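S.K.: everything below, folded, please.
(2 chains)
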Amino acid sequence: MQDPKLLFTAVLEGDAVTAKRVTEEALAAGVDPQKLVSDYMIPAMDEAGRRFECNDYFVPELLIAARAMKASLELIRPLLTARGDQPAGRVAIGTVKGDLHDIGKNLVAALLEGGGFEVVDLGVDVAPEKFVAAVKEKNINIVALSALLTTTMPSMKVTIDALKQAGLRNQVKVMIGGAPVTQKYADEIGADGYSDNAAAAVALARKSVTA
Amino acid sequence: MSKLVQDLLAQGPVITDGAWGTQLLLQGLSSGDCPDQWNLIHPDRVEAVARSYVAVGSQVILTNTFGANRLRLAGFGLADRVAEINRAGVEISRRAAAGRAKVFASLGPSGKLLLMGDTTEAELKTAFDEQARALAAAGADAIVVETMTDLVEAKIALAAARATGLPVVVSVVFDSGKDKDRTLMGATPEQVVTELAAAGADVLGANCGQGIAGYIRVCARMRSVTDRPLWIKANAGLPKMVDGRAVYETTAEEFAQQAPALVAAGANFVGGCCGTSPVFIQALKGALGAGTTRPR
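M.R.: Below you'll find the model as predicted:
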């Protein structure tokens, strides 16, 4: 068996082939799958996020790191599910009603998956009632809303209000993001969190499920 | 350098136009509407925006075709209307220009990321080829490949635009990194200029993503690696939401005050992006005294 520490480097450097191989060997040798996630993979994604913060990494490096993590998680997840372990959290993500932009939303979804979250991607131009239905049916703990246009930002508030009206607001955390979105706007519309980039969105999601 | 660009630059910096999207909102475009479709259903309102820039002295105006590629139009069920939407867009701007301004046709990004596997290089090539051909056939003077975030996609669009034989501007968004001097993909101004110049762009540029102050620094860095003309269109700062409406905080005067520094940093084409309006262009004109012959 190769040293599972290699998994940290493989994820950080976005080497999906090595990440998968080390994971397979470690699992075959009887290493606890949860330990692989918490001791090597999550720290690797945290380091990738830190490098993003200091401009060593940009979106391409983050994405390939997330992809390497996902390759490894695909081997691990069934084992965790079989023994009843829960994912880091369940996120319903979508670009709000009226807005067709999906790049930012897709990046955040990919990085959340890489971060160990189960992600339900509702797509673009998502009506508030679709978010409500997802929360009701899929045991969601985080609702992530994206908007690129100043004209569609108000749909974020409408979605939060719809969650309130459905009596679901207290069982989920709502996080928002997108080029024109600000912390101030998040506060105004009663969102629980805001992030100005995809890497920080994962940290925010993790904080909001442990809080 | 193409003759068109040479002639335009002969008398000093060229004043382009300001925002279209935020101006169309004032004309009644609402959230969820397809702005490009307005070329067919509200040509009068689109022409009003074009005319408003010609009236204050824009020497170059763009077209309402930013999102008129097959991939974006598909989101509105309009993928089969590419040719007519682009043709109408160019015709509207040409009517408004009436020979007083050049029409540089806008070609924006696909809205898909190659890196995520959301699209392919072949699909992008087909979409941009189709749009560029329609813009050229309708009589555009040049093509502006703008608001690009990915150099790979920008080069595919540039190749499509060059194939028409028209002069091509390629303009990229710098909105990432601590100092907002990187593209989404992490490219620096020096990298962007070097790669796009090698790929044959006639004019290189930066637009959207931030206000004018940051683009003075970006422009100087672009100028440090090229002699080609540079095109800069900054936002009127970044929007703040006030009572559910977007407010851009930079005033036309503040914007124009920084324009001489932008020109000193090497900009040749100067205009505005999101949140700017004809008032901004008028102020720019005042600040740069453009259109009058002056020593260079």
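S.K.: what about residue 44, neighbour count?
M.R.: Using chain A here. Other residues lying near A:Ala44 total 24 when counted by other Cβ atoms under 10 Å in any protein chain shown. C-betas here are computed from N, CA, C, even on glycine.
S.K.: not quite, I wanted chain B
M.R.: Residues within reach of B:Asp44, counting by other Cβ under 10 Å, total 9.
S.K.: quick check on it: phi, psi?
M.R.: Recorded main-chain torsions at B:Asp44 are phi -60, psi -40, according to degrees, to the nearest 10.
S.K.: any residues of chain A in contact with chain B? List them.
M.R.: Listed as neighbours of chain B in chain A under the rule Cβ under 8 Å from any Cβ of the partner chain: A:54-55, A:57-61, A:63, A:97-103, A:106-107, A:110, A:124-125, A:149-155, A:157, A:179-180, A:182, A:184-185, A:188.
S.K.: now the strands for the stretch 1-150 of chain B?
M.R.: B:14-15, B:60-61, B:102-107, B:142-148 (DSSP state E, counting those that start in this stretch).
S.K.: can you list the ones you listed in TSV and add distance to A:Leu6?
M.R.: Conversion of the strands of the stretch 1-150 of chain B to TSV gives the following (distance: least, Cβ to Cβ, whole Å):
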stretch	distance to A:Leu6
strand B:14-15	56
strand B:60-61	55
strand B:102-107	45
strand B:142-148	37
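S.K.: ok, B:Glu253 to chain A distance?
M.R.: 22 Å (Cβ to the nearest Cβ, to the nearest Å).
S.K.: before we move on, the earlier item: nearest to chain A, of the strands of the stretch 1-150 of chain B?
M.R.: Chain A lies closest to strand B:142-148 among the strands of the stretch 1-150 of chain B, at 11.4 Å (Cβ to the nearest Cβ).
S.K.: let me know the angle separating the helix or strand following the closest one from strand B:102-107.
M.R.: Downstream of strand B:142-148, the first helix or strand assigned by DSSP states H and E is helix B:151-162. Angle of helix B:151-162 versus strand B:102-107, following axes from the mean of the first three to the mean of the last three Cα atoms, to 10 degrees, is 140 degrees.
S.K.: start and end of stretch B:196-214, how far apart?
M.R.: Taking Cα to Cα, to the nearest Å as the measure, stretch B:196-214 stretches 21 Å from start to finish.
S.K.: buried stuff in it?
M.R.: Within stretch B:196-214, the residues that count as buried by 16 or more other Cβ atoms under 10 Å in any protein chain shown are B:196-197, B:199, B:201-214.
S.K.: with stretch A:80-89 instead?
M.R.: The neighbour-count check on stretch A:80-89 (16+ other Cβ under 10 Å) flags A:Leu80, A:Pro87, A:Ala88, A:Gly89 as buried.
S.K.: most widely separated two among those residues?
M.R.: Largest separation among the buried residues of stretch A:80-89 by Cβ to Cβ: A:Leu80 and A:Gly89, giving 13.7 Å.
S.K.: excluding its backbone neighbours, what's nearest A:Gly177?
M.R.: Excluding the flanking residues, the one nearest A:Gly177 by Cβ to Cβ, 6 or more residues apart in numbering or on different chains is A:Ser195, at 5.2 Å.
S.K.: need the contact list for A:Leu111.
M.R.: Going by Cβ atoms under 8 Å, 6 or more residues apart in numbering or on different chains, A:Leu111 touches A:Met45, A:Leu62, A:Leu63, A:Ala66, A:Ala198, A:Ala199, A:Ala201, A:Val202.
S.K.: packing partners for the helix or strand the second one falls within?
M.R.: Yep, that's A:Leu62 we're talking about. Per DSSP H and E, A:Leu62 falls inside helix A:59-82. Counting contacts by 3 or more Cβ pairs under 8 Å, 6 or more residues apart in numbering or on different chains; DSSP states H and E, helix A:59-82 packs against helix A:5-12, helix A:16-28, helix A:33-36, helix A:42-53, helix A:103-114, helix A:198-210.
S.K.: now do the buried residues in that helix.
M.R.: Here helix A:59-82 shows A:59-73, A:75-77, A:80 as buried, counting by 16+ other Cβ under 10 Å.
S.K.: centre-most residue in chain A?
M.R.: With distances taken as Cα atoms, centre = their mean, the residue of chain A nearest its centroid is A:Leu112 (1.8 Å).
S.K.: so how far is chain B from that residue?
M.R.: 14 Å.
S.K.: who are the contact partners of that residue?
M.R.: With Cβ under 8 Å, 6+ apart, A:Leu112 has these contacts: A:Val91, A:Ile93, A:Val119, A:Ala144, A:Ala201, A:Val202, A:Ala205.
S.K.: how about 7 Å then?
M.R.: Counting by Cβ atoms under 7 Å, 6 or more residues apart in numbering or on different chains, A:Leu112 touches A:Val91, A:Val119, A:Val202, A:Ala205.
S.K.: same question for B:Ala96.
M.R.: Neighbour list for B:Ala96: B:Glu47, B:Ala50, B:Arg51, B:Val54, B:Ile61 [criterion: Cβ under 7 Å, 6+ apart].
S.K.: just the pLDDT for residue 66.
M.R.: Defaulting to chain A. For A:Ala66, the model assigns a pLDDT of 91.
S.K.: my question was about chain B, not that one.
M.R.: 98.
S.K.: so it touches B:Phe104, yeah?
M.R.: No: B:Phe66 is beyond contact range of B:Phe104, at 11.9 Å (criterion: Cβ atoms under 7 Å).
S.K.: which of these two has more residues huddled nearby?
M.R.: Taking other Cβ under 10 Å, B:Phe66 and B:Phe104 do not tie; B:Phe104 has more neighbours (29 against 21).
S.K.: tell me what the more buried one is bridged to.
M.R.: B:Phe104 forms beta bridges with B:Ala142, as assigned by DSSP bridges.
S.K.: right, and it touches B:Ala136 too?
M.R.: No: in this structure, B:Phe104 is not within contact of B:Ala136 by Cβ under 7 Å, at 11.9 Å.
S.K.: B:Phe128 and B:Leu158 touch, don't they?
M.R.: No: the pair B:Phe128 / B:Leu158 is not scored as a contact, 8.8 Å apart, by Cβ under 7 Å.
S.K.: show me what contacts the nearest residue to B:Ser277 once chain neighbours are set aside?
M.R.: Leaving aside its chain neighbours, B:Ser277 sits nearest to B:Gly18 (5.3 Å; criterion: Cβ to Cβ, 6+ apart). Contact analysis of B:Gly18 by Cβ under 7 Å, 6+ apart lists B:Tyr53, B:Gly271, B:Gly272, B:Thr276, B:Ser277, B:Pro278, B:Phe280, B:Ile281.
S.K.: show only the entries of the residues you listed found in helices.
M.R.: Mapping the contacts of B:Gly18 onto helices (DSSP state H) picks out B:Tyr53, B:Pro278, B:Phe280, B:Ile281.
S.K.: do you know how far the second one is from chain A?
M.R.: Put plainly, it is B:Pro278. When distance is defined by Cβ to the nearest Cβ, B:Pro278 is 20 Å away from chain A.
S.K.: distance check, A:Asp192 against A:Lys173.
M.R.: Separation of A:Asp192 from A:Lys173 (Cβ to Cβ, to the nearest Å) stands at 4 Å.
S.K.: neighbour count winner among those two?
M.R.: A side-by-side neighbour count of A:Asp192 and A:Lys173, using other Cβ under 10 Å, places A:Lys173 first with 22 against 18.
S.K.: correct me, but the more buried one touches A:Ala191?
M.R.: No: counting by Cβ under 7 Å, A:Lys173 does not reach A:Ala191; the two are 8.7 Å apart.
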